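1. next input, structure requested:
(chains A and B)
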Amino acid sequence: MTTETTKKFNIDTVEHAAKTPDTELPWAELGLKQNEFDEIVKVLGRRPTGAELAMYSVMWSEHCSYKSSKNHLRQFGEKVTEEMKKDMLVGIGENAGVTNLGDGWAVTFKIESHNSPSFVEPYQGAATGIGGIVRDIISMGARPVAVMDPLRFGAIDHPDTARVMHGAVAGIGGYGNCLGLPNIGGEMVFDSVYQGNPLVNALAVGVMRHEDIRLANASGKGNKVVLFGARTGGDGIGGASVLASESFDDTKPSKRPAVQVGDPFAEKVLIECCLELFKGSLVEGIQDLGAAGISCATSELASNGDGGMEVELTSVLLRDPTLTPGEILMSESQERMMAVVTPENIAAFEAVMDKWAVEYSWLGEVTDTGRLIITWEGEVIVDVDPRTVAHDGPVYDRPFARPEWQDSVQANSFTGSVEDAGRPSAPSELAAAVTELVASPNMCSKDWITKQYDRYVGGNTAMAYPDDAGVVRVDEETGLGVALATDANGRYTYLEPYQGAQLALAEAYRNVATSGAVPMAVSDCLNFGSPEDPDVMWQLAEAIRGLSDACMELGIPVTGGNVSLYNQTGTTPIHPSPVVAVLGKLDDVARRTPSGWREDGQAIYLLGTTAAELDGSEWSNLRGHLGGLPPKVDLAAERALGEILINASRDGMVDAAHDLSEGGLAAALVESSLRYGVGARIALEELMERDGVDLFTALFSESQARAIVSVPRSEEVRFKDMCTARGFAHLRIGVVDAAGGKLEINGVNELSLDALREAHEATLPKYFG
Amino acid sequence: MTSIPLIGEAVAVAAEPRLAGAKIGVVTFPGTLDDRDAARAVRLAGGTAVSLWHADTELGDVDAVIIPGGFSYGDYLRAGAISRFAPLMSKIIDAANSEAKLPVLGICNGFQILTESHLLPGSMIKNDHLKFICRDQTLRVENANTAWTVDYTDGQEIIVPLKNQDGQYIADGKTLDALEAEGRVVFRYVGFNPNGSRRDIAGISNAAGNVVGLMPHPEHAVETGFGPEVGLSGSAGAPRDTDGLGFFTSVLTKIVGGDK
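-> Below you'll find the model as predicted:
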């Protein structure tokens, strides 16, 4: 749409740029550093035009280029065995990785951050976080089937937390519900370290047949380039470069206009329309428009393809006719896609657009020049090698060093600290402690959030929060399905980043195995502070090293993810928070294992051993302590436990299973009881004797590689034999008691399920209404 | 007509073979979300689901129509206000009001479309608590004589998922009194009114009983393992996840005729 207004621009053409080398350009305002600007001039052999500068500034931003993390992220691709690659159909680097599920099915999933926009404008920030990750999934050729949302907010009682929480939850719900994607789980953590930098991560998963996999590349000279979906507006300009790649600082003006605004209805129509395009094989390559908008889509498509691309920018349909070429290139307006279509398929493509009433415009075509050329009314305003924009951006070897304070933090163990004074030991004290724990901000019921999300739509949700993993059926005929869990513990990772990242993986792995699924693939969202701070850079480097080592040991590859840096206010970074998502496969979702017991008289077993590991625990957090070393990582034990849980599910040996993580055994026992309102009688004397711990430690320690299961009487011998054969510690700690309506633990005053439920469910409504 | 892309193939069910001849149309608008679910429910009940597209100008040979849930046209105006003008809707309105009394079920957004179409009285406004709510809801079947409820009994309590943003049913007192007097309140919320609906009304019918609309989603309670038990905490006892199937068997039985 060329209008009178757009014609009036004084266009900075390539020719003009070559003639005016000394023109001052606003590269610093666009987030570029002097050395980066110099590099652009070197690459082009002249100063960039205004439009080229806009493109480079967004594509070379931290958010789009991974310039600080790239050197470390390589490990995810390097520490991979042939065995791990076996089921990986598409690996890191595409919009999302693709994993083979068998029977001709494939699954694609990815987790991403939308942190900064969600602080500035929580509703739209969180909503477009869902929108963006869902478009990544569509771009792979898949039908999206579920979403999840790991959330981290500031202190529960801080006045600003309610603003962010209400907005983010309503945004995720408002957008996700309208797309018809069940929300099957997530996380919720409150900690003052996230006060000015809440973490709003979003995960989407999609499924497809193998033949439907699509990639983002522009190939075939003469093929047409089309932009379709929403019109391009002035929203989100500088979202990636200015907002997501800088620390917050309240001396600067509000960054609200840099936040994108979402239209979920447009996205829902886009999903259906894309699936119809895929079904008819009407697109050769496809790319969603997210961060860096048209700059990213054109340069990535052209860079991944075998030739070049030529595009006329005035053909872009606009919401606001006054946008400059640079703004059009940088706009992060949502619900847009770019595709490459052969000339023969143009008519069929347009018919699909018309059917779904989706607007589209033909922008140009694929060439064989190796150049990305963008014109404005025929005049060349961009003439670049697309690789220099999309893939060969700057890479930094940022200095990093173990922080000086790390030793003193690690030396400050909870046990024996001031905060540990008066540790509960009497039966009444222990009962009060259990209640306090399950009512605490991080351990309380998340119903307030999840009841604002549709978990049913699609009719394939086999499990959702509060079970350990979300489970979605893929094939109705065979029951084939996938399980997903996300986890991270910022406190553990602060205490020891290498181990903390491994613990996040271990927990997500354990959650997936607990549901009965075989873990297959990993996606990670690495949320950290500023990479320009060597302390933070060390945390990032250690976390990546730890995570990649652990993936190798557990035999599951990272297939994609995202890095979110500059999550800090002033010089204070968040806790390093590597959020890890694990995807598993269930041959038949009917075999999934829920987290709650139901059948009276079933035996309750604790798998794994308990050590005195309270540092970094929820209990120490409740007492205001953070120090010491996180629980030990034992990946061999995690793998053995996972195999037991998967086999037990497959062979019908357990009716319920729940992993032990934050809040330890105490939290798990309460959650498994409240799941179906069925209590239990528990005795831990034998455990205390075997593991050499007291009752408090048995209940509140966060030792890893543990789970509780309920076993039908008829299966007990077989189950015990399996654990023995595998040399895995197992101990009968109690029995399901359906009649009593209470949780009885020897040495702890009786806990009525009604009272526990009230405490568990009252916390969020108390703070958020 | 369009085909609704499905994940996986149709499930083979051991339903009464005579029901398979009954064709139930499921309408898709831009923004419809639960169309595939409604089609699955029809199949699980033993019938044949037929996809209908909002822009179609003919209803074809369907024996009944389901207008499923979702956010047609994004609900950016009043929920259902735009969909009501779809070409197919005028055909549905005519058929519902005709001698043949085509059975029509509107679920959630479909219910909103039916009130906007004036096939059913009253209207829906935003939930009284102003939030989206998703929960497993107990309903009482107040009228087991409509085309969509004959397989239930009067007073029977069922559990089906509810999920909506604009679910508060309102109408003036006279209309409500008339609905009550004529037995046209078909479902009432039990135990908890999730959206502030007048007189706990969850669903209503037209005078002839062939058109029924309700806010909760029976199509999400038709298959063991995928119904109300999902994510539910706090209910002991056997899962109740197929209580919604009766809607679909009711209409199929009615179409085929005779006793089961």
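2. gap between the nearest residue to A:Trp60 once chain neighbours are set aside and A:Met188?
-> Closest residue in space to A:Trp60, ignoring its immediate chain neighbours: A:Gly393 at 4.3 Å, by CB to CB, 6 or more residues apart in numbering or on different chains. C-beta: built from backbone N, CA, C; applies to glycine. In this view, A:Gly393 and A:Met188 are 35 Å apart by CB to CB, to the nearest Å.
3. likewise A:Glu267?
-> According to CB to CB, A:Glu267 stands 25 Å off from A:Met188.
4. more crowded one of these two?
-> A:Glu267 (27 against 22; other CB atoms under 10 Å in any protein chain shown).
5. where's that one, which helix or strand?
-> According to DSSP states H and E, A:Glu267 maps onto helix A:264-279.
6. from the chain's centroid, how far away is that helix?
-> 23 Å (CA atoms, centre = their mean, to the nearest Å).
7. which other residues reach the helix or strand following it?
-> Moving toward the C-terminus from helix A:264-279, the next helix or strand (DSSP H and E) is strand A:285-288. Strand A:285-288 has contacts (CB atoms under 8 Å, 6 or more residues apart in numbering or on different chains) with A:95, A:132, A:135-136, A:138-139, A:141, A:214-219, A:274, A:277, A:296-297, A:300-301, A:304-305, A:336-340.
8. ok and the residue in the stretch 251-400 of chain A nearest chain B?
-> Closest contact between the stretch 251-400 of chain A and chain B, by CB to the nearest CB, is at A:Phe265 (2.8 Å).
9. which residues touch the closest residue to that residue other than its chain neighbours?
-> Spatial nearest neighbour of A:Phe265, excluding adjacent residues (CB to CB, 6+ apart): B:Gly74 at 2.8 Å. B:Gly74 sits next to A:178, A:263-266, A:268, B:31 when contact means CB under 8 Å, 6+ apart.
10. hmm, which two among those residues are most spread apart?
-> Of all pairs drawn from these, the widest gap by CB to CB lies between A:Asp263 and B:Gly31 and measures 11.0 Å.
11. so what's A:Asp634 scoring on pLDDT?
-> The per-residue pLDDT reported for A:Asp634 equals 98.
12. centroid residue for chain B?
-> B:Ile107 (3.2 Å; CA atoms, centre = their mean).
13. name the nearest residue to that residue, ignoring sequence neighbours.
-> Using CB to CB, 6+ apart and skipping the chain neighbours, the partner closest in space to B:Ile107 is B:Gly69 (4.9 Å).
14. thought that neighbour was touching B:Asn109?
-> Yes - look at B:Gly69 against B:Asn109 with CB atoms under 8 Å: they come within range, at 4.8 Å.
15. what sits in contact with each of those two?
-> Common neighbours of B:Gly69 and B:Asn109 (CB under 8 Å, 6+ apart) are B:32-33.
16. A:Leu282 reaches A:Glu350, doesn't it?
-> No - the criterion here is CB under 8 Å, and A:Leu282 misses it with A:Glu350 at 9.8 Å.
17. for the two, indicate the residue with more neighbours.
-> A:Leu282 (22 against 16).
18. on that earlier part again, which residues sit in contact with the residue nearest to A:Trp60?
-> By CB under 8 Å, 6+ apart, A:Gly393 lies in contact with A:59-60, A:64-65, A:67.
19. and for B:Asp166?
-> Residues near B:Asp166 by CB under 8 Å, 6+ apart: B:75, B:79, B:112, B:124-127.
20. if we can go back for a sec, tell me how many other residues crowd the residue of the stretch 251-400 of chain A closest to chain B.
-> 21.
21. hang on, it packs against B:Leu77?
-> No - in this structure A:Phe265 lies outside contact range of B:Leu77 using CB under 8 Å: 11.2 Å.
22. need the strands for chain B, in chain order.
-> B:23-28, B:48-53, B:64-67, B:104-107, B:123-125, B:133-141, B:157-164, B:168-170, B:185-189, B:201-205, B:211-214 (DSSP state E).
23. A:Asp263 and B:Gly31: who's more crowded?
-> Legend: neighbour count by other CB under 10 Å for A:Asp263 and B:Gly31, higher for B:Gly31 (25 against 21).
24. test my guess that that one contacts B:Gly69.
-> No - in terms of CB under 8 Å, B:Gly31 does not count as a neighbour of B:Gly69; the distance is 10.4 Å.
25. which bits of the stretch 551-700 of chain A sit near chain B?
-> By the rule CB under 8 Å from any CB of the partner chain, the part of the stretch 551-700 of chain A lying against chain B is A:589-590, A:596, A:598, A:674-678.
26. okay, and which of those map to helices?
-> Members of those lying in helices (criterion: DSSP state H): A:674-676.
27. of those, buried ones?
-> Listed as buried from those are A:674-676; burial here means 16 or more other CB atoms under 10 Å in any protein chain shown.
28. how about those in CSV, adding pLDDT and distance to A:Lys110?
-> Output for those, formatted as CSV (pLDDT from 0 to 100; distance: CB to CB, whole Å):
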residue, pLDDT, distance to A:Lys110
A:Leu674, 95, 32
A:Arg675, 93, 29
A:Tyr676, 91, 33
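29. thinking again about what came up before, so the residue nearest to the centre of chain B sits right up against B:Asp34, yeah?
-> Yes - applying CB under 8 Å as the test, B:Ile107 and B:Asp34 come out as touching, 6.7 Å apart.
30. show me the shaky parts of the chain.
-> In the absence of a named chain, chain A is used. Filtered on pLDDT under 70, chain A yields the residue ranges A:1-9, A:238-257.
31. oops, chain B please
-> Across chain B, residues meeting the criterion (pLDDT under 70) sit at B:1-15, B:230-239, B:258-260.
32. residue of it nearest chain A, please.
-> For chain B, CB to the nearest CB, closest residue to chain A: B:Gly74, 2.8 Å.
33. who does the closest residue in space to A:Leu430 that isn't next to it in sequence bridge with?
-> Leaving aside its chain neighbours, A:Leu430 sits nearest to A:Val748 (4.3 Å; criterion: CB to CB, 6+ apart). In this entry, A:Val748 is beta-bridged to A:Ile745, by DSSP bridges.
34. for burial, what's the neighbour tally of A:Val748?
-> Counted by other CB under 10 Å, the residues lying close to A:Val748 total 25.
35. my guess is it contacts A:Ala431. True?
-> Yes - A:Val748 is within contact range of A:Ala431, at 5.1 Å (criterion: CB under 8 Å).
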